[in-house]
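*Asks:* With the input below, show me the fold.
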Amino acid sequence: QVQLVESGGGLVQPGGSLRLSCTASITRSFSIYGMGWYRQGPGKQRELVAGIGGAGDSNYADSVKGRFTISRDNAKTIVYLQMNSLKSEDTAVYFCNFQIRLVGATGPSDYWGQGTQVTVSS
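*Replies:* Numbers count the residues shown, from 1 in each chain. As a prediction, the model looks like this:
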């Protein structure tokens, strides 16, 4: 009923940029409560990178403020993460997350993309 497909990861040099995209395919009527990007570096726990709420309000991890920008399309089925001034410590697998309430459900559920590798290295 819900499928999230990510794209845009890859290898980039320090100081470079990448843009991640995550497209949701949803086969039932739904409401989107929020969207976000998480990452999990080697040997680390998954952490929130950036989130955007239903009203368009956004929040960022301190480590990416001023460098990353989260945005979405008007239909709220695509979320983007523009990453600038990338650092080696940004190397991680990046996962998109949608909080969706399907019609008939009592509340929202979390849905995850498959993950895309971002490697920042010279």
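*Asks:* Next up, the contacts around the closest residue in space to Gln40 that isn't next to it in sequence.
*Replies:* Spatial nearest neighbour of Gln40, chain neighbours left out: Arg46 (4.3 Å); criterion: CB to CB, 6 or more residues apart in numbering. No exception for glycine: its C-beta is placed from N, CA and C like everyone else's. Arg46 sits next to 38-40, 95 when contact means CB atoms under 8 Å, 6 or more residues apart in numbering.
*Asks:* Likewise for Thr23?
*Replies:* With CB under 8 Å, 6+ apart, Thr23 has these contacts: 4-5, 7, 77-78.
*Asks:* Quick check: which of the residues you listed has the minimum pLDDT.
*Replies:* Among the contacts of Thr23, Thr77 has the lowest pLDDT, at 90.
*Asks:* ok, it to Arg101 distance?
*Replies:* Distance, Thr77 to Arg101, by CB to CB, to the nearest Å: 14 Å.
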